[in-house]
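Colleague: how would this look folded up:
(chains A and B)
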Amino acid sequence: MKVSNFFFNTLREAPSDAALKSHIYLLRGGFIKQSSTGIYSIMPIGLRVLRKIEDIIRTEMNEVGGLEMDLPLVQTAELWSESGRYQIIGEELLRFKDRTGHPMVLAMTHEEAVTDLVRSVLSSYKQLPFMLYQFKIKYRDEARARGGLIRVREFIMKDAYSFHSTQEDLDQYYQRVYDAYVRIFRRVGIEPVVVQSDTGIMGGKVAHEFMLDTPNGEDYLILCNHCGLQANREIATFARKPYQGKDLPLEKVATPSKQSIEEVSTFLGIPAEATAKCVFFDVDGKLVTALVPGHLEISEVKLRNLLKAKLLVPADDALIRKSGMIPGYGSPIGCTQTRVIIDEALASAKDVVVGANEEGFHYAHCVPARDFTPGYEVADLAQADSGCGCPSCGKDLTSTRGIELGNIFKLGTKFSESMGAKFLDESSKQQPAIMGCYGIGVGRLMASVIEQSHDDWGPIWPKSIAPFQVLVVSLAKDEPVMQAADKLYKDLQDAGVDVLYDDRPERAGVKFKDADLWGIPCRISVGAKGLAEGKVEWKLRKQKDFELISLQEIVDKTLGWITE
RNA sequence: CGGAGUGUAGCUCAGUCUGGCUAGAGCGCCUGGUUUGGGACCAGGAAGUCGGGGGUUCGAAUCCCUCCACUCCGACCA
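Modeller: Next up is the predicted model:
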């Protein structure tokens, strides 16, 4: 491809609404154009990167026996009612009516569609197992798209679905996909952090997320640097260090207008760990009171999973007071009208400060096991944080942020059961297929590679997914230089190299700046000086300096570099 | 959905507070010339419903009302 024939633009300055490096360089290099919030057009050079990422994923999916197919983007509401998700999922699912007034949705994921497809074909265990996958537009009506391609509304996802006759078969296959995922991310230049994750509205029990470790990530990860345990903070378990004070009788203390943990602990001169944080939730219209040690946060995901709640939101004052609790001074002591759940750490804590359920008063020296009457439940409720104990080795955990690149779920029979994707087993018994599902956001992956690989001048693509592997630049308009550059371009093309040729009559500086913004990993410059000695300049994007290579050797050197 | 902010040329922005000539600059783009190794220079040129609507006023990019779009933080997130 010649640049003079290419449709592109590069920006000297970054648009002011881009904050992340990946967003800035995708815009400046002309890879993408924003159409509206979270919706982007992909320019030719950007599509070349996306396609190369897709090819890598496709190869690895085929490697584990995947079969590529294509499912509809527009689906009927009935399909989503069958699984129950039409009712459960909120506004993120875009609903609309077709011309006949029939309720429809834009698919945000394809479990329903694939299960519908499979149930129409599946009848016997002899057909199992198999895995179907696709690269498909998803639409999610995100409350807040952000960060360029990191979080968008419309995006291409590789989604894959496997079907099995036994749990063992799924377990085994799940591990194969896990390994394939690690290979995929390594091939695009990312060493993923794999964490245990919540299964959310997908149902199922086991799930992993493949994350890019970066301060710009929107997920929080809990890691143990000693034993290697890794989990999403939403579900990370940890070893408690319950506060152990003195054995003293409960004592009511005045804490006038001190409501927050910080205010109370400062006022009483005690550490935050020596308090109990009392948080109220509205769970399907009923008040649930949850308590964690004062220095920790509640994990709403843990609570939601525990309660199997559909809707869990912070309770408003009216609901709290109606149930006999006082906001800011709440505690389970003497409370009878709400369900009380306390974190494991509090169950064995001693001498903590809790609310007195009375405006302006707290209780000191509380021993929950002794004083929380009439009753309570104990659960893993608190969100792990750096400094908490590792649940397997006991050492301190650390916290970091990450971008979720892909995930894998053991779905089980959630969809096959509710939608009737069943088969006859060896003993002629009807069984629901056991499913797994596996996703990767392609555009997000492209952006993540830049997040991890760039310098002050632009992205640095690994050659596996670069828009072109090699860029040939002519540095002068005079005939000998142009002819030599033309010939080199043709020679490289003939040798099968994926090459872009900057044949524009621009100054060298302009071409070099564009080359950096395109991030093409190898640049070969043809100039008058070098040509006088029969040489051209060879420079890798990630290196500072170039070396002179003779025209006779340059094609072989390039081929050698490509197959390195 | 809460909080904060921004909307003037393709991009970056000035002008708005304190209303007043024909709405500006740099970059980019077009024409001609001069240049030619890290975003050159000179001359000329095209390009704007000042986000939309309504209002106040002799007069609105500027003041008021309202709607919209976009960004960031938070909530939410298969």
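
Colleague: Leaving out the residues flanking it, which one is nearest to the residue in the stretch 451-564 of chain A that RNA strand B sits nearest to?
Modeller: Nearest residue of the stretch 451-564 of chain A to RNA strand B, counting by C-beta to the nearest atom of the strand: residue A:527, 1.8 Å away. No exception for glycine: its C-beta is placed from N, CA and C like everyone else's. Nearest non-adjacent residue to residue A:527, counting by C-beta to C-beta, 6 or more residues apart in numbering: residue A:475, 3.7 Å away.

Colleague: Run through the residues that contact the one you found.
Modeller: A:481, A:508, A:511, A:525-528 (C-beta atoms under 8 Å, 6 or more residues apart in numbering).

Colleague: Any figure for the gap between the residue nearest to residue A:42 when sequence neighbours are not counted and residue A:443?
Modeller: Of all residues not flanking residue A:42 in the chain, residue A:32 sits nearest, at 5.7 Å (C-beta to C-beta, 6+ apart). Per C-beta to C-beta, to the nearest Å, residue A:32 is found 8 Å from residue A:443.

Colleague: Need the overlap of contacts for those two.
Modeller: By C-beta under 8 Å, 6+ apart, residue A:32 and residue A:443 have these common neighbours: A:40, A:42, A:149.

Colleague: where's the second one relative to RNA strand B, distance?
Modeller: In this structure, residue A:42 and RNA strand B are 16 Å apart, going by C-beta to the nearest atom of the strand, to the nearest Å.

Colleague: can you check the first one too?
Modeller: When C-beta to the nearest atom of the strand is applied, the distance between residue A:40 and RNA strand B equals 9 Å.

Colleague: Can you show me the CA trace of the helix or strand containing that residue as CSV?
Modeller: In the assignment (DSSP states H and E), residue A:40 maps to strand A:39-42. Coordinates of the C-alpha atoms in strand A:39-42 are reproduced here as CSV (Å, rounded to 0.1, in the frame of the first residue of the first chain):
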residue,chain,number,x,y,z
ILE,A,39,-19.4,4.8,19.5
TYR,A,40,-16.5,4.9,17.1
SER,A,41,-15.8,4.5,13.4
ILE,A,42,-12.7,2.5,12.6
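
Colleague: elements contacting the following helix or strand past it?
Modeller: Once strand A:39-42 ends, the next helix or strand along the chain (criterion: DSSP H and E) is helix A:44-63. When contacts are defined as 3 or more C-beta pairs under 8 Å, 6 or more residues apart in numbering; DSSP states H and E, helix A:44-63 sits against strand A:66-68, strand A:130-139, strand A:154-164, helix A:167-187, helix A:442-452.

Colleague: Tell me which of those lies nearest to RNA strand B.
Modeller: strand A:154-164 (5.0 Å).

Colleague: mind listing what's buried in the closest one?
Modeller: For strand A:154-164, the buried set under the neighbour-count rule, 16 or more other C-beta atoms under 10 Å, comprises A:154-164.

Colleague: Please apply the same query to stretch A:103-116.
Modeller: Neighbour counts over stretch A:103-116 (16+ other C-beta under 10 Å) mark A:104-116 as buried.

Colleague: These in helices, which ones?
Modeller: Using DSSP state H to define helices, the subset of the buried residues of stretch A:103-116 located there is A:111-116.

Colleague: Please parse chain A into its domains.
Modeller: Domains of chain A are assigned by automatic domain parsing as A:16-236+A:400-450, A:251-379, A:470-563.

Colleague: follow-up on the earlier one: present the shared contacts of residue A:32 and residue A:443 as CSV; the columns should include distance to residue A:256 and pLDDT.
Modeller: Listed next are the shared contacts of residue A:32 and residue A:443 as CSV, based on distance: C-beta to C-beta, whole Å; pLDDT from 0 to 100:
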residue, distance to residue A:256, pLDDT
A:40, 54, 95
A:42, 60, 96
A:149, 51, 96
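
Colleague: Return the member of those residues nearest to residue A:488.
Modeller: residue A:42 (29.6 Å; C-beta to C-beta).

Colleague: Do I have it right that the closest one meets residue A:31?
Modeller: Yes - taking C-beta atoms under 8 Å as the definition, residue A:42 is a contact partner of residue A:31 at 7.3 Å.

Colleague: more crowded one of these two?
Modeller: The residue with more neighbours, out of residue A:42 and residue A:31, is residue A:31; 30 against 19, by other C-beta atoms under 10 Å.

Colleague: nearest residue to that one other than its sequence neighbours?
Modeller: Of all residues not flanking residue A:31 in the chain, residue A:46 sits nearest, at 3.3 Å (C-beta to C-beta, 6+ apart).

Colleague: what number of residues lie near that neighbour?
Modeller: Residue A:46: 22 neighbours (other C-beta under 10 Å).

Colleague: gap between it and RNA strand B?
Modeller: Where RNA strand B is concerned, residue A:46 sits at a distance of 16 Å (C-beta to the nearest atom of the strand).

Colleague: again, but for residue A:53
Modeller: Distance of residue A:53 to RNA strand B, given as C-beta to the nearest atom of the strand: 15 Å.

Colleague: Surely that residue touches residue A:189?
Modeller: No - using C-beta under 8 Å, residue A:53 is not in contact with residue A:189, being 10.5 Å away.

Colleague: Next up, the contacts around residue A:280.
Modeller: A:287-290, A:314-315, A:319-320, A:325, A:327, A:330, A:338 are the contacts of residue A:280 under C-beta under 8 Å, 6+ apart.

Colleague: ok, which of the buried residues of strand A:154-164 also contact RNA strand B?
Modeller: Counting by C-beta under 7 Å from any atom of the strand, A:157, A:159 from those sit close to RNA strand B.

Colleague: rewinding a little: just put the ones in helices among the buried residues of stretch A:103-116 in TSV and tack on pLDDT and distance to RNA strand B.
Modeller: Compiled in TSV, these are given as follows (pLDDT from 0 to 100; distance: C-beta to the nearest atom of the strand, whole Å):
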residue	pLDDT	distance to RNA strand B
A:111	96	7
A:112	97	11
A:113	97	13
A:114	98	12
A:115	98	13
A:116	97	16
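
Colleague: Closest one of these to residue A:386?
Modeller: Looking across these and measuring by C-beta to C-beta, the closest to residue A:386 is residue A:111, at 35.1 Å.

Colleague: roughly how far apart are the closest one and residue A:303?
Modeller: 25 Å.

Colleague: Have a look at chain A and report the helix or strand with the lowest mean pLDDT.
Modeller: strand A:312-314 (a mean of 80; mean pLDDT, DSSP states H and E).

Colleague: Leaving out chain neighbours, which residue sits closest to residue A:306?
Modeller: Spatial nearest neighbour of residue A:306, excluding adjacent residues (C-beta to C-beta, 6+ apart): residue A:379 at 5.4 Å.

Colleague: can I assume that neighbour is in contact with residue A:345?
Modeller: No - Residue A:379 is beyond contact range of residue A:345, at 11.0 Å (criterion: C-beta under 8 Å).

Colleague: of those two, who's got more company?
Modeller: For the pair residue A:379 and residue A:345, the greater number of neighbours falls to residue A:345 (27 against 17), based on other C-beta under 10 Å.

Colleague: Nearest spatial neighbour of that one, chain-adjacent residues omitted?
Modeller: Of all residues not flanking residue A:345 in the chain, residue A:240 sits nearest, at 3.9 Å (C-beta to C-beta, 6+ apart).

Colleague: Report the contact partners of that neighbour.
Modeller: Residues near residue A:240 by C-beta under 8 Å, 6+ apart: A:343-345, A:348, A:389.

Colleague: Now, those that are in strands?
Modeller: Counting by DSSP state E, the part of those found in strands is residue A:343.

Colleague: show me what contacts residue A:488?
Modeller: A:472, A:524, A:526, A:536, A:551, A:554-555.

Colleague: again, 7 Å this time
Modeller: Residues near residue A:488 by C-beta atoms under 7 Å, 6 or more residues apart in numbering: A:472, A:524, A:526, A:536, A:554.

Colleague: SS state for it?
Modeller: helix (DSSP: H, G, I helix; E, B strand; the rest coil).
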